[in-house]
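In: The amino acid sequence is not available; the structure is as follows:
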């Protein structure tokens, strides 16, 4: 196993542990940073699946972007008509509209410029981008799913 693969797997395990804490806090009504709970029907079972997700305000709206390759929530969202976003004790049903690849590039550049450096570094650690720079992250637009949050 390569060092990069080992680092990505270790990072993913740490994030999974932190996500359980964030989910627990959100479920008892404590909002945490930009995090919201995304609840979407499973694409195969139809059972609700919940994932803590950062909803990022960018030019033109609010967006959710993929931080891990093969993220289950991405496939579930693509198969669903609507999802539920919960922040603290407030929930709302919304549509997540996937942004076309060419329209993702400026949004991804904005994410790198406006968010903490760890956001871009996470994409590198997880193998989605080659470097944590605006141009490198924008160049990976075909591998990073981006969804616009819209009212249902």
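Out: That came through, no problem. Computed from a prediction, not measured in an experiment: that's the story for all the values here. Residues are numbered from 1 along each chain as shown.
In: Count residues in the vicinity of residue 82, would you?
Out: 14 (other Cβ atoms under 10 Å). Where you see a C-beta, it was placed from the backbone N, CA and C, and this is true even at glycine.
In: what's the following helix or strand after the host helix or strand of residue 13?
Out: Element membership for residue 13, per DSSP states H and E: helix 3-27. Downstream of helix 3-27, the first helix or strand assigned by DSSP H and E is strand 35-41.
In: Can you spell out which helices and strands pack onto that next one?
Out: The contact analysis (3 or more Cβ pairs under 8 Å, 6 or more residues apart in numbering; DSSP states H and E) places strand 35-41 against helix 3-27, strand 48-54, helix 72-79, strand 83-87.
In: give me that answer again for 6 Å
Out: Strand 35-41 makes packing contacts with strand 48-54, strand 83-87 when contacts are defined by 3 or more Cβ pairs under 6 Å, 6 or more residues apart in numbering; DSSP states H and E.
In: Columns mean neighbour count, distance to residue 72 and mean pLDDT on top of those, output as a markdown table?
Out: As requested, the helices and strands packed on strand 35-41 are exported to a markdown table (neighbours: other Cβ atoms under 10 Å; distance: least, Cβ to Cβ, whole Å; pLDDT from 0 to 100):
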| stretch | mean neighbour count | distance to residue 72 | mean pLDDT |
| --- | --- | --- | --- |
| strand 48-54 | 18 | 7 | 92 |
| strand 83-87 | 19 | 13 | 95 |
